[in-house]
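Engineer: Sequence and predicted structure, then a few things I'm wondering about:
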Amino acid sequence: MEARLRVRRFDPESGEGARYQSYTLDVPDYATVLEVLLQIREELDDSLALRCSCSSAICGSCAMRINGQARLACKTKVAAVAADGGEIVVEPVGNMPVIKDLVADMDPFWQKVRAVEPWLQPKGPPPEREYLVPHEVMRPLADVMACIMCGSCVSDCTVLETELALGKPYEQTFLAPAALAKAYRFVGDPRDGADAERLLALSRLEGIWDCTRCNFCVEVCPKSVAPMDQILALRRKAIEQGHDEYLGARHTLEFEKTVRESSWL
Amino acid sequence: MKFAYWPGCSVPRQGTPELRITAAAVCDKLGIELEDLSLAPCTGSGILQARDLVYADTLNASTFAMAEDMGLPLMTICSTCQGVFSQARRRLKEKPDYLAQINQTLEEQGMKYSGNLEVKHLLWVLVEDYGLAEVGKAVVRSLKGLRVAPFYGCYLLRPSAALGLDEHPERRTCLESLIEALGAEAVEYRGKTLCCGYPLVGVNDENSAAMVGTHSVEAKEKGADCMVTPCPLCHMNLDGVQPQASEQRETRINMPVLHLTQLIGLALGIDPPDLGFDRHAVPVKSVLAKLGL
């Protein structure tokens, strides 16, 4: 089939702004967008910059916007996003600075992940033997652990996009889906002892209550992590543990009370 | 064509009574019969779901059971209600044990839900069941020349699996299709599938107003005469918060926002004074003037 790609190009050394460049080439029907990009680089234009490694939706390197939506290029078949010869627009992930062409600077992404202290913080004396955790508790956390840190959810997060457009510095913006989902992986883990501190920190500005529930992160996640569902789970835990003085928590409790009393709003 | 009808927050005591009035008028004109379910409980709007999912699913299963009792499919007029219903419907359909658990609670009220009710937004009904050709035939006042920016509302598009968008790919563009069937021109712009910011009202008003500003300004820059939405919550924000968005951007945005049923009502020849425009924060005079009204 014919693949027609319109790729966003940007070279900081050129002194020019971003531009779009079109490439047309014959590819097998089963080709992925990543295979086409690599073919472009090998046969047509060796200046095209992109990141990739495993080609198997495991490493998370090749997240990019394909037809306006964040996807892994290696997991996206050309035929699934365009008819034969139909144009496919390929751009770097959103909400992150672009280094060159399809390569984005992931530093802000990692800053947010680090901000939630993504490591186990047990309290009390070490257990005398292995800590056995119930299967039913860990099973839902396994979904969250499937995150490959590709940044797709952060790319398409509408709250982060809004705050960056308002000119907020990155470190003062919404923690965004990937980091919050990672936070739930530890809050939900019975071996972790820092729930109270974590939930308090996450209840504050730019944390769990700033999600607008647009479901974009659920839609674009290539590993079915459902980050927004993890944010809602964190909200549930935060209220259960008494962190209910924040606007979002109060709104939720008021809403619940009204519906329970009158079955109506 | 007949439906059990869930009016949602558009009941008179709540936010957008003009939606309920115009939905009834439009369905009447088109010959779509509606059996009112306004005694059914609130869908939970995604908020209750975050607090107590089983309770929220039980409430919605009771609404489904009421519709089944009438022997009718269920129709909504709100993207959020539709999305919340679709997600509940999917959970109950995919997990028979869960459905049985919910049905145990419903039994105490003498109710039972089979797990198979069809739930559709009016927009989907018009595109999939009524047919756009038939809608076109009912148009007595063409909206030709009117440039309309569609705004879906998150819950009518995501998560796509619950909303059956793979089985019904036409649902991804149904709002544009309907706008064109009414004789108007659909304006293409990025904001059409994004979030209106309503869930952040009272929690983060700055971000909420910024979302309104971004989408309404983009629609304006693309030459839209108005926006149209099948979601009353999006309407409350895009219209009601637009003055704050204008203040935030230090500009007068002035982008009229119509409910889906108001746009259809105009095309079906309903008199503008009967379409509830007086309740809008942003005047729609410019839209009516463009139509010679």
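Structural biologist: In hand now; what should we look at?

Engineer: Close to chain B: what parts of chain A are there?
Structural biologist: Contacts of chain A with chain B, taken as CB under 8 Å from any CB of the partner chain, map to A:68, A:158-159, A:162-163, A:165-166, A:209-210, A:212-216, A:218-219, A:232, A:235-236, A:239, A:247-248, A:251-253, A:255-256, A:259, A:263-265. C-beta: built from backbone N, CA, C; applies to glycine.

Engineer: 7 Å instead?
Structural biologist: By CB under 7 Å from any CB of the partner chain, the residues of chain A that approach chain B are A:158-159, A:162-163, A:165-166, A:209-210, A:212-216, A:218-219, A:232, A:235-236, A:247-248, A:251-252, A:255-256, A:259, A:263-265.

Engineer: Name the next helix or strand downstream of the helix or strand containing residue B:25, please.
Structural biologist: Using DSSP states H and E, the element containing residue B:25 is helix B:17-30. Remark: after helix B:17-30, the chain's next helix or strand is strand B:33-36, criterion DSSP H and E.

Engineer: Any idea how far whichever helix or strand comes after that next one is from the middle of the chain?
Structural biologist: Next helix or strand after strand B:33-36 toward the C-terminus (DSSP H and E): helix B:47-51. Between the centre of helix B:47-51 and the centre of its host chain there is 20 Å, according to CA atoms, centre = their mean, to the nearest Å.

Engineer: Who are the packing partners of helix B:47-51?
Structural biologist: Applying 3 or more CB pairs under 7 Å, 6 or more residues apart in numbering or on different chains; DSSP states H and E, we find helix B:47-51 packed against helix A:227-240, helix A:247-262, helix B:53-70.

Engineer: so residue A:246 sits right up against residue A:203, yeah?
Structural biologist: Yes - using CB atoms under 7 Å, residue A:246 is in contact with residue A:203, at 5.0 Å.

Engineer: Run through the helices of chain B in chain order.
Structural biologist: Taking DSSP state H as the test, the helices found in chain B are B:17-30, B:47-51, B:53-70, B:79-94, B:96-107, B:122-124, B:132-138, B:160-163, B:174-181, B:205-221, B:232-240, B:242-249, B:260-267, B:285-290.

Engineer: okay, those helices, which one's buried deepest?
Structural biologist: Among the helices of chain B, helix B:260-267 has the highest mean neighbour count (mean count of other CB atoms under 10 Å in any protein chain shown), at a mean of 28.

Engineer: pLDDT of that one, averaged?
Structural biologist: Mean per-residue pLDDT for helix B:260-267: 98.

Engineer: Contacts for it, please.
Structural biologist: Helix B:260-267 is contacted by residues B:19, B:22-23, B:25-26, B:77, B:123, B:139, B:141, B:143, B:148, B:182-183, B:228-230, B:275, B:291 when judged by CB atoms under 7 Å, 6 or more residues apart in numbering or on different chains.

Engineer: ok, residue B:25 - contacts?
Structural biologist: Residues near residue B:25 by CB under 7 Å, 6+ apart: B:265, B:270, B:274.

Engineer: Just the closest of these to residue A:180, please.
Structural biologist: residue B:265 (42.1 Å; CB to CB).

Engineer: From residue A:219, how far off is the closest one?
Structural biologist: Note on residue B:265: its distance to residue A:219, by CB to CB, to the nearest Å, is 32 Å.

Engineer: gap between the spatially closest residue to residue B:191 that is not a sequence neighbour and residue B:3?
Structural biologist: Distance criterion CB to CB, 6 or more residues apart in numbering or on different chains; nearest residue to residue B:191, sequence neighbours excluded, is residue B:215 at 3.7 Å. Distance, residue B:215 to residue B:3, using CB to CB: 30 Å.

Engineer: Also residue A:245?
Structural biologist: Using CB to CB, one gets 43 Å for the distance from residue A:245 to residue B:3.

Engineer: Which one of those two is surrounded by more residues?
Structural biologist: Ranked by neighbour count (other CB atoms under 10 Å in any protein chain shown), residue A:245 and residue B:3 place residue B:3 first, with 24 against 8.

Engineer: Would you confirm that that one contacts residue B:34?
Structural biologist: Yes - counting by CB under 7 Å, residue B:34 is a contact partner of residue B:3 at 5.8 Å.

Engineer: tell me, what's touching residue A:246 and residue A:203 both at once?
Structural biologist: With CB under 7 Å, 6+ apart, residue A:246 and residue A:203 have common neighbours residue A:209.

Engineer: what are the phi and psi angles of the closest residue to residue B:142 other than its chain neighbours?
Structural biologist: Leaving aside its sequence neighbours, residue B:142 sits nearest to residue B:183 (CB to CB, 6+ apart; 3.7 Å). The phi/psi pair for residue B:183 (degrees, to the nearest 10) reads phi 100, psi -10.

Engineer: residues contacting residue B:194?
Structural biologist: The contact partners of residue B:194, by CB under 7 Å, 6+ apart, come to A:158, B:215.

Engineer: and if we set it to 8 Å?
Structural biologist: Residues near residue B:194 by CB atoms under 8 Å, 6 or more residues apart in numbering or on different chains: A:158, A:214, B:154, B:211, B:214, B:215.

Engineer: Please apply the same query to residue A:179.
Structural biologist: Neighbour list for residue A:179: A:112, A:113, A:115, A:116, A:118 [criterion: CB under 8 Å, 6+ apart].

Engineer: What subset of the residues you listed is buried?
Structural biologist: By neighbour count, with 16 or more other CB atoms under 10 Å in any protein chain shown, these hold A:112, A:113, A:115, A:116 as buried.

Engineer: picking that back up, okay, angle between the helix holding residue B:25 and helix B:260-267 too, please.
Structural biologist: Interaxial angle of helix B:17-30 relative to helix B:260-267 (axes from the mean of the first three to the mean of the last three CA atoms, to 10 degrees): 50 degrees.

Engineer: and helix B:17-30, average pLDDT?
Structural biologist: On average, helix B:17-30 scores 96.

Engineer: now swap in stretch B:204-223 and tell me
Structural biologist: Rounded to a whole number, the mean pLDDT of stretch B:204-223 is 98.

Engineer: Name the residues that touch that stretch?
Structural biologist: A:158-159, A:162-163, A:165-166, A:209-210, A:212, B:147, B:149, B:151, B:187-191, B:194-198, B:200-201, B:227, B:237-238, B:241-242, B:244-249, B:251, B:253-255, B:257.

Engineer: Filter those residues down to the buried ones.
Structural biologist: The neighbour-count criterion (16+ other CB under 10 Å) marks A:158-159, A:162-163, A:209-210, A:212, B:147, B:149, B:151, B:187, B:189, B:191, B:194-198, B:200-201, B:227, B:237-238, B:241-242, B:244-246, B:248-249, B:253, B:255, B:257 among the contacts of stretch B:204-223 as buried.
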